[in-house]
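*Asks:* only geometry, no sequence info:
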DNA sequence: TCCGTATTTCGATGAAAATCAAAATAAGAA
DNA sequence: TTCTTATTTTGATTTTCATCGAAATACGGA
């Protein structure tokens, strides 16, 4: 049950977000970018999903992950409000 | 060797930053706000310092911690650039 | 120099998180 | 329904992190 800060604290998860920035990816495509097992990448994806930093849609057997830009906007607002 | 995201992933450290938002505090004053030992709070302060989220000045025996607002600005810029 | 206060560093411990291999689930095709 | 592919879940292991008590350091005052 991770919040957005916890989700961002891991380097692999930040790399995943960077990949998703260019375009949506399937779980398998993301997997291929790392020297990690599918189980591990799937775990990171679930943390990102829990924090609502990514969204998913299913197409046949594949699950497509994409950025939830709203979450980033919220984060910026949080930081911006903090500084006031 | 924690970065800004790692530093923000801990709730106690975020509370420390909130306290520092109102005014600078000595290490001892910050300590008094938590049910944690001085050693533990000192550890959290060192993580925040490493991430450059706080600055310190020494006055006699006491060390005064204050927010480094520039780091927050940088963070906002990073997130903002990411979304472009 | 010796003492007291403030803070940090060290070494150990328990809890949380990352990771893997293997089993389970989901969906479409044969 | 059985097979294949894509992905997740489970259970175990390893690694990282928060935490503590005790020892060490830094500084100013007597």
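*Replies:* Received, thanks. Since the structure is predicted, the reported quantities are computational estimates derived from the model, not experimental observations. Numbers count the residues shown, from 1 in each chain, chains lettered A, B, ... in the order given.
*Asks:* Minimum distance to chain B, which residue of chain A gives it?
*Replies:* Nearest residue of chain A to chain B: residue A:9, at 3.5 Å (CB to the nearest CB). (Glycine included, C-beta is placed from N, CA and C.)
*Asks:* Contact residues of chain A facing chain B?
*Replies:* Along chain A, the residues adjacent to chain B under the rule CB under 8 Å from any CB of the partner chain are A:5-6, A:8-9, A:14, A:17-18, A:21, A:69, A:72-73, A:75-76, A:79-80, A:82-83.
*Asks:* so which of these are also by DNA strand C?
*Replies:* Restricting these to those within reach of DNA strand C (CB under 7 Å from any atom of the strand) leaves A:6, A:9.
*Asks:* List only buried entries from the residues of chain A next to chain B.
*Replies:* A:5-6, A:8-9, A:14, A:17, A:72, A:75-76 (16 or more other CB atoms under 10 Å in any protein chain shown).
*Asks:* ok, so of the residues you listed, who is nearest DNA strand D?
*Replies:* residue A:9 (7.5 Å; CB to the nearest atom of the strand).
*Asks:* contacting residues for that closest one?
*Replies:* Shown in contact with residue A:9 (CB atoms under 8 Å, 6 or more residues apart in numbering or on different chains): B:5-6, B:8-9.
*Asks:* Same check on residue A:8?
*Replies:* By CB under 8 Å, 6+ apart, the contact list for residue A:8 reads A:14, A:51, A:53, B:5, B:8-9.
*Asks:* May I see the buried residues of stretch A:39-58?
*Replies:* If you call a residue buried by 16+ other CB under 10 Å, then stretch A:39-58 has these buried ones: A:41, A:44-45, A:47-48, A:51, A:53-56.
*Asks:* so which of those residues comes closest to residue B:61?
*Replies:* Set against residue B:61, the nearest of the buried residues of stretch A:39-58 by CB to CB is residue A:51 (41.7 Å).
*Asks:* Just give the nearest non-adjacent residue to the closest one, would you?
*Replies:* In space, and not counting its chain neighbours, residue A:51 is closest to residue A:7: 3.7 Å by CB to CB, 6 or more residues apart in numbering or on different chains.
*Asks:* Same check on residue A:44?
*Replies:* Nearest to residue A:44 is residue A:13, by CB to CB, 6+ apart, at 5.0 Å.
*Asks:* Which helix or strand contains the most centrally placed residue in chain A?
*Replies:* Closest residue to the average C-alpha location of chain A: residue A:48 at 4.0 Å, with CA atoms, centre = their mean. Secondary structure assignment for residue A:48, by DSSP states H and E: helix A:38-50.
*Asks:* Show me what from chain A comes close to DNA strand C.
*Replies:* A:2, A:6, A:9-10, A:12-13, A:35-40, A:43-44, A:47, A:58, A:60-61.
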